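Participant: using only what follows, build the 3D model:
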Amino acid sequence: GLGELMPRAPDGAVVGGCGGWGSSGVAEAAWGQLRGYLQRHDSSATNFMLRLAVAEAVLTLEPRMALPLWLVQLFLGAATAQTVAGRGMAGGGGNPDALLRLYLRFRLLQEAAAVAIQQLQAWRRQTMDPRLRQRAMQTYFPHAVLDMVLEALVSRISSMEIQPADQSTPEGLHLRSLHTQLTQLIDEYHELAAKDQMN
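Facilitator: Have a look, this model is predicted:
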């Protein structure tokens, strides 16, 4: 699941988001009110900009704090088999593209890669049926942004390799794994899309 793909770096960063600003009942109630407000008022009418403003404010105030999972899920939307297969990252009433750009802006590469991988894996699972795969070339994935994620991963890995002691750190190994997974998924997408165009 997404939670398994999105660990924060083991450098004391807060995990889980909501606990980052206190675990009192008051803090929990405030997060709950914010969640309810976004669920009621953040829609296509606002171009889903309220959730982006909230996420940006959280990361600006505390860049090391993981966004609450419920907020991440608002960006991902309520993707169903049909929306994922037919629209890629454009379905389900979310905006994964905006979340990817936000993570890149705050240099949260593991989170950005995890979202990209989760979205491509969901699409791949739902397009095992050739009848759905015919729609591959009609799906939307922000390829420019995905390329930016890959480039940022390569840059971070390369900078770590300058210092040999960092090559085998948990973070370095995790970044390599994310880069490999994302590269394979993007290649698979392009291969399937090319096959669909030929049929």
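Participant: could you measure from the residue nearest to the spatial centre of the chain over to residue 103?
Facilitator: By CA atoms, centre = their mean, the chain has its centre lying nearest to residue 115, at 2.1 Å. Residue 115 sits at a distance of 7 Å from residue 103 (criterion: CB to CB, to the nearest Å). Placement of C-beta: from N, CA and C, glycine included.
Participant: next: residue 89.
Facilitator: Distance from residue 89 to residue 103, by CB to CB: 14 Å.
Participant: now swap in residue 113 and tell me
Facilitator: For residue 113, the distance to residue 103 (CB to CB) stands at 9 Å.
Participant: repeat that for residue 77.
Facilitator: Taking CB to CB, one finds residue 77 at 16 Å from residue 103.
Participant: between the two, which one's more packed in?
Facilitator: residue 103 (26 against 19; other CB atoms under 10 Å).
Participant: ok, now which ones touch the more buried one?
Facilitator: Contact analysis of residue 103 by CB atoms under 8 Å, 6 or more residues apart in numbering lists 109, 111, 112, 115.
Participant: which residue ranges of the chain form strands?
Facilitator: Under the criterion DSSP state E, the chain contains no strands.
Participant: for residue 109, give its distance to residue 172.
Facilitator: Taking CB to CB, one finds residue 109 at 12 Å from residue 172.
Participant: who has more neighbours, the two?
Facilitator: residue 109 (21 against 17).
Participant: pretty sure that one contacts residue 153?
Facilitator: Yes - using CB atoms under 8 Å, residue 109 is in contact with residue 153, at 5.8 Å.
Participant: so what sits against both of the two?
Facilitator: Residues touching both residue 109 and residue 153 by CB under 8 Å, 6+ apart: 175, 178.
Participant: where does the chain have low pLDDT?
Facilitator: In the predicted model, the chain carries pLDDT under 70 at residues 1-24, 78-88, 90-93, 128-138, 162-168, 199.
Participant: again, only this time at 50
Facilitator: Scanning the chain for pLDDT under 50 picks out 1, 3-20, 80-85.
Participant: list the buried ones in stretch 106-119?
Facilitator: Going by neighbour count (16 or more other CB atoms under 10 Å), the buried part of stretch 106-119 is 106, 108-119.
Participant: and what of stretch 33-51?
Facilitator: Neighbour counts over stretch 33-51 (16+ other CB under 10 Å) mark 34, 35, 38, 42, 48, 50, 51 as buried.
Participant: give me the neighbour count for the closest residue to the second one other than its chain neighbours.
Facilitator: Counting by CB to CB, 6 or more residues apart in numbering, residue 70 is the residue found nearest to residue 35 once chain neighbours are left out, at 5.5 Å. Residue 70 has 15 neighbours, counted by other CB under 10 Å.
Participant: so in the chain, which helix runs the longest?
Facilitator: For the chain, the helix with the greatest residue count under DSSP state H is helix 170-198.
Participant: elements contacting it?
Facilitator: When contacts are defined as 3 or more CB pairs under 8 Å, 6 or more residues apart in numbering; DSSP states H and E, helix 170-198 packs onto helix 109-126, helix 130-133, helix 143-161.
Participant: of all these, which lies closest to residue 196?
Facilitator: helix 130-133 (6.2 Å; CB to CB).
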